[in-house]
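Student: after the sequence you'll find the predicted model.
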2 protein chains.
Amino acid sequence: MADLAILAGSGALPVALAAQHPEALVITFEGVAAEVVGCVHRFECLGAVFDHLAAEGVSRVVMAGAMARPPLDPAAFDDTMRALAPRLLAAMQAGDDGLLRFVISLFEERGLSVVGAHELLPALTAAPGWHIGPETVSEEDVAQANRILAALGPLDLGQGVVVAGGLCLGIETLQGTDALLRFVGETPANLRRAPGVLVKRPKPGQDLRVDMPAIGPETLRRAAEAGLAGVVISPGAVLVLDRAALEAEALRLGLFVSARDV
Amino acid sequence: MADLAILAGSGALPVALAAQHPEALVITFEGVAAEVVGCVHRFECLGAVFDHLAAEGVSRVVMAGAMARPPLDPAAFDDTMRALAPRLLAAMQAGDDGLLRFVISLFEERGLSVVGAHELLPALTAAPGWHIGPETVSEEDVAQANRILAALGPLDLGQGVVVAGGLCLGIETLQGTDALLRFVGETPANLRRAPGVLVKRPKPGQDLRVDMPAIGPETLRRAAEAGLAGVVISPGAVLVLDRAALEAEALRLGLFVSARDV
C-alpha cells in the first residue's frame, strides 16, 4: 500500500522525491528516460495505471521530471485510452497547458489529488532572500525584467527575460530558457552595455503542480556562456534542481543566484 | 542652393530619396558605405556639416539609411564637436534612442527641421490594405501578435513578434528582426503547430523621422527560412525597401505581405 504515487520523468527531481518518500509507489513510462527505478507502464495503457494506483490505495499523485512525449501508438490503446481518445485529441490541440490540465482532470475524476513536487519537498524551491555568489545585482535590470514579465503574464507568455544595462536582450518564448540564453549569447558585443541578469518566474495562473519553472547547474553554465552576471528567481515557485551542484557552479562561475519576490 | 539635405547612410533608401529629390544636397560620411554619391564629411567635424548646410540655405534635413557608427576619433574633432563632446557622451550613454534624440536636437537648435523619409516619399510605406501573395492570413495569430506588441509597447520593447498557431515563437529585442527570425527558424519542429506570421510595427512614441521599422526582400527570405507564412506591417509607418524586388520575392517564396492597422 502507498498513499503517494510518483509519476517519474527524466532528471533529478523524481530521484529527490523518491529519496524523501521511500514509501511512495514510483511509476515510470516506456520511452521516457527516468533516472529512478519504478513500475514501468505505457502511456497507451493508462487504464492499467489507474488500476495500479487503485490497487495500492494511492490517494495523491505527483508528476515530476520531464516526460518528452513519445508519439502515442493508438493500436496499443487499452479500453480506457480508447474511451479517452476524443478528449485527448481535443486536449492536445489546446497545447501543452491544455494537455496538462487534461491529465490532471483524469486523476481528479478518479478521486485522486494531484500535488506539486514543491509541496512535498519545500526545499526544492528557494526561500525569500536566498542568495549565492556576488552581491552585485543590478536592481534596475531586475526591476525592468519584472515590468516586462508583468506586462506579458496576462498573455500567458514570458517565464523568463534577460535585461542588461536597462536593455532587454531576450524574452523567453515556447522554446524555453536554454534557447533564450543561447540567443542572448549571440548578441553582438557592440549592443551590450552590461552583463545582465536572467529573471525567471512562473506566469500568473501557471499550475505549479505540474508545470514549474526550474533552474539547475546547467542553467548557470548557459547563463555564464551568455555573459550574464546572475539569475533571479521567485522564491517558493521555481524549482532549484541539484542545489549543491548549482551553488558550487555559481561560485565557480562567479554568478549570483538570488530568490526575490517582485 | 538646396532647401533639402539628405544625410545618407547605406542601403537603398538614400538612393530612392536622391532620385526623387535631385535638387537636394547629399551628404555622406567617411566610413559609412553609402550607395549614393554625396559630399563626404566626417562625424568628427559636424561643424563643417552645419556650415555646409547653412551655406547652401538648407532648411530641412532627412536622415536615411543605416549609419553603422565607426568609433569616433576625438583627436580629429573640430571646435563644434569639442564643444558638443560632453552632451554627446551623455547621449551615447542613453542608448541609441538617446543618441538619435541628441542628433535631432543638434539640427533643430540650428533652425533646421528634421523630416522623415516617409514624409518625403509616402510611397516608401504601404497603404492600408496593401497585400501581396496568398490570402491565407491567420487572423488569430495576427490578433495575438497585436496584443503582445501592445503589452510591450509601453516598455519601449517589441517592434516585431512572431506568432504561430496561437503560440508566440519570438519577440524582437535589441538584436533586431533578422536575429528574431533566425531564432524562430531554430525552433524544434515538435514545438510548431502552424507556419506563423511576423508582425512588425513601430513602438508607440518611436520617432519615425529617424528610426522607422523597415522590411525588404531580405526580410522575406529570412521569414521563409524561419518557416513563416507571411509578414504583417503597419501601413504608413514601416518602410518597404526595394518594393519591386520585395513583391517578386513574396510571390517566388509564396509568402504574403500585408499592411494592416491594429
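Tutor: Happy to help now that I have it.
Student: and the stretch 101-250 of chain A, which residues reach chain B?
Tutor: Proximity of the stretch 101-250 of chain A to chain B (CB under 8 Å from any CB of the partner chain) is limited to residues A:144, A:147-148, A:151-152, A:154-155, A:157, A:166-171, A:173-175, A:179, A:183, A:186-188, A:191, A:193. From N, CA and C alone the C-beta is placed, and that goes for glycine too.
Student: just the buried members of these?
Tutor: Buried members of these, counted by 16 or more other CB atoms under 10 Å in any protein chain shown: A:144, A:147-148, A:151-152, A:157, A:166-171, A:173-175, A:179, A:183, A:187, A:191.
Student: how about the helices of the stretch 151-262 of chain A, start to end?
Tutor: A:177-185, A:217-225, A:243-253 (DSSP state H, counting those that start in this stretch).
Student: would you turn those helices into JSON lines with distance to A:Ala16 and mean pLDDT?
Tutor: Putting the helices of the stretch 151-262 of chain A into JSON lines (distance: least, CB to CB, whole Å; pLDDT from 0 to 100) gives the following:
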{"stretch": "helix A:177-185", "distance to A:Ala16": "20", "mean pLDDT": "96"}
{"stretch": "helix A:217-225", "distance to A:Ala16": "14", "mean pLDDT": "97"}
{"stretch": "helix A:243-253", "distance to A:Ala16": "9", "mean pLDDT": "96"}
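Student: nearest to A:Ser138, out of those helices?
Tutor: Closest to A:Ser138 of these is helix A:217-225 (CB to CB; 14.2 Å).
Student: mind exporting the C-alpha coordinates of the closest one to CSV?
Tutor: C-alpha atoms of helix A:217-225 as CSV (Å, rounded to 0.1, in the frame of the first residue of the first chain):
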residue,chain,number,x,y,z
PRO,A,217,23.6,23.9,-12.6
GLU,A,218,23.2,23.7,-16.4
THR,A,219,21.1,26.9,-16.4
LEU,A,220,24.1,28.7,-14.7
ARG,A,221,26.6,27.4,-17.2
ARG,A,222,24.4,28.6,-20.0
ALA,A,223,23.9,31.9,-18.3
ALA,A,224,27.6,32.3,-18.0
GLU,A,225,28.1,31.5,-21.6
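Student: helices and strands around that helix, which ones?
Tutor: Contacts defined by 3 or more CB pairs under 8 Å, 6 or more residues apart in numbering or on different chains; DSSP states H and E place helix A:217-225 against helix A:177-185, strand A:230-233, helix A:243-253.
Student: buried residues in that helix, which are they?
Tutor: For helix A:217-225, by 16+ other CB under 10 Å, it's A:Pro217, A:Glu218, A:Thr219, A:Leu220, A:Arg222, A:Ala223, A:Ala224.
Student: can you map out the strands along the stretch 51-200 of chain A?
Tutor: Using DSSP state E, counting those that start in this stretch, the strands found in the stretch 51-200 of chain A span residues A:60-64, A:113-115, A:131-132, A:160-164, A:167-171, A:197-200.
Student: figure out how far the last one is from the centre of its chain.
Tutor: Put simply, strand A:197-200 sits 15 Å off its chain's centre (CA atoms, centre = their mean, to the nearest Å).
Student: given it, what are its sheet partners and their directions?
Tutor: Next to strand A:197-200 in the sheet, as set by DSSP bridges, lie strand A:160-164 (antiparallel), strand A:230-233 (parallel).
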